[in-house]
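Undergrad: okay, sequence plus prediction incoming.
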Amino acid sequence: MSKKGILLVNLGSPKSTKVEDVKEYLDEFLMDEKVIDYRWFFRTLLVRGIILNTRPKKSAEAYKTVWTDEGSPLIFITERIKKKLEKMVEVPVEIGMRYAEPSIETGIQKLTDQGVTEIVLFPLYPQYAMSTTETVIDKAEEVRKKHFPDIKINYIQPFYNREIYIDCLAESIREKLPKNFDALQFSYHGVPERHIYKTDPTNTCNLNDCCSRDQNPSHQFCYRHQCFKVTEEVIKKLDLPKEKVMVTFQSRLGNDKWMEPYTDETLESLGKKGIKNLAIVCPAFVSDCLETLEEISVEGKEQFLHGGGENFHYIPCLNDEDRWIEVVKSLCEEKLNEFYLV
Ligand SMILES: C=CC1=C(C)c2cc3[nH]c(cc4nc(cc5[nH]c(cc1n2)c(C)c5CCC(=O)O)C(CCC(=O)O)=C4C)c(C)c3C=C
Ligand SMILES: [Fe+2]
Ligand SMILES: [Fe+2]
């Protein structure tokens, strides 16, 4: 008899804020060929020869500012999502991280220890990207083939265009929007432009107007389109004028050309354009993490104020809001039911 279970997968954090732990985490993360997609020799040269000499110290300082008694926000929020979800479904739920612990292997092991043979794996990323969804699936398949060849895994697809998700995000933003704001900025994690071209099997995306068209063959694999789509649908629900809304991309690393406009440069420039009261939201992340709590809430605020802005309002991620857990439940149940169809 088969038994089903759910694995919620997020990015992962270092095990502590010690420089050596941050270095170990960054090594695993940045040596992933789906994240820094150079050939092994050049990736090693860049990551181990350059980035890991300086970045771990700087990142460790940043992690210290967001770390709590419960540890990394990204991990304990994912844990909270699991705890709420397991009360609402009839199958075991575990978490696994793409990098560091608890790993995807640990999560699958915990499920199989409970007799699970069919897993619904949920990459907790609304939009598809090579460096997120794709690497999670690659890793889970590698682990399955090596250690659990007899189990089945059914993957939940990016949910950026699902109405239940859009409704949930829009309602969450509506509740947290301040009364007076001059602009609402949607800041998504960036990726190098090369990643978008590389993962477009249709060769029809040129990172131009095509990404905002209603239809284009590349949309299923175009992170830029999927960010625009989330923004467009949410502002429709909120009935906001387009002129009050901006899309920018944050967290770039290295010398490649990343998607533009950049969040930090935009924040510095807004005050001079007369935007004094800013609300900002980060829908590439379902849980708050270093990139939102430090890069946006702290550094981003400083950049905005430095550029002449006056009031900066960060809108938190969905985290463990009940309405979001309902969405997680629906998407998981939909996939659990597919097991009965095959
Ligand atoms: C080439 C480098 C990177 C790509 C591409 C990238 C894509 C990407 N990342 C996320 C989500 C998260 N990233 C986080 C941290 C983080 N990201 C990078 C680099 C790339 N990300 C680094 C080096 C770091 C570590 C911190 C640092 O040194 O700045 C996190 C936070 C993790 C945490 O512990 O809180 C998340 C979440 C997405 C969604 C994405 C592509 C769409
Ligand atoms: Fe990242
Ligand atoms: Fe595109």
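TA: Sure thing, it's come through. Ligands and ions are numbered 1, 2, ... in the order given.

Undergrad: any idea which element the spatially most central residue of the chain lies in?
TA: Among the residues of the chain, the one closest to the centroid is Phe285, at 3.8 Å (CA atoms, centre = their mean). Assigned by DSSP states H and E, Phe285 falls within no helix or strand.

Undergrad: what ranges of the protein fall below the confidence cut-off?
TA: Low-confidence segments of the chain (pLDDT under 70): 340-342.

Undergrad: is it correct that Lys110 is in contact with Glu94?
TA: Yes - counting by CB atoms under 8 Å, Glu94 is a contact partner of Lys110 at 4.5 Å. C-beta here means a position set from N, CA and C on the backbone, and glycine is covered the same way.

Undergrad: more crowded one of those two?
TA: More crowded of Lys110 and Glu94, by other CB atoms under 10 Å: Glu94, with 24 against 18.

Undergrad: the residue nearest to the centre of the chain and Ser187: what is the separation?
TA: Using CB to CB, to the nearest Å, Phe285 is found at 10 Å from Ser187.

Undergrad: who in the protein is up against ligand 1?
TA: 11, 13, 26, 35-36, 55, 59, 72, 74, 125, 129, 131-132, 189, 191, 223, 251, 253, 284-285, 289-291 (CB under 6 Å from any ligand atom).

Undergrad: ChimeraX command to pick out the buried ones of these?
TA: Buried members of those, defined by 16 or more other CB atoms under 10 Å, are picked up in ChimeraX with:
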select :11,13,26,35,36,55,59,72,74,125,129,131,132,189,191,223,251,284,285,289,290,291
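
Undergrad: spell out which parts of the stretch 151-300 of the chain neighbour ligand 3.
TA: The stretch 151-300 of the chain has residues Cys205, Cys211, Cys222, Arg224, His225 near ligand 3, with proximity defined as CB under 5 Å from the ion.

Undergrad: I'd say the fourth one and Asp209 touch.
TA: Meaning Arg224. No - applying CB under 8 Å as the test, Arg224 and Asp209 come out as separate, 11.1 Å apart.

Undergrad: and Leu278, which of the three is it?
TA: strand (DSSP: H, G, I helix; E, B strand; the rest coil).

Undergrad: who are the contact partners of it?
TA: Residues near Leu278 by CB atoms under 8 Å, 6 or more residues apart in numbering: Phe181, Asp182, Ala183, Leu184, Gln185, Leu267, Leu270, Phe304, Gly309, Asn311, Phe312, His313.

Undergrad: quick one, which of the residues you listed are buried?
TA: Among the contacts of Leu278, those classed as buried by 16+ other CB under 10 Å are Phe181, Asp182, Ala183, Leu184, Gln185, Leu267, Leu270, Phe304, Gly309, Phe312, His313.

Undergrad: now, these that are in helices?
TA: In helices, judged by DSSP state H, the following of the buried ones among the contacts of Leu278 are found: Leu267, Leu270, Phe304.

Undergrad: coming back round to it: tell me the one of the buried ones among the contacts of Leu278 nearest ligand 3?
TA: Of all these, ligand 3 sits closest to Gln185, with 20.8 Å by CB to the ion.

Undergrad: which part of the stretch 201-342 of the chain gets nearest to ligand 1, residue-wise?
TA: Closest approach between the stretch 201-342 of the chain and ligand 1, counting by CB to the nearest ligand atom: Cys289, at 3.1 Å.

Undergrad: quick one: contacts for that residue?
TA: Here Cys289 is in contact with Leu11, Ser13, Val66, Ser72, Pro73, Leu74 (criterion: CB under 8 Å, 6+ apart).
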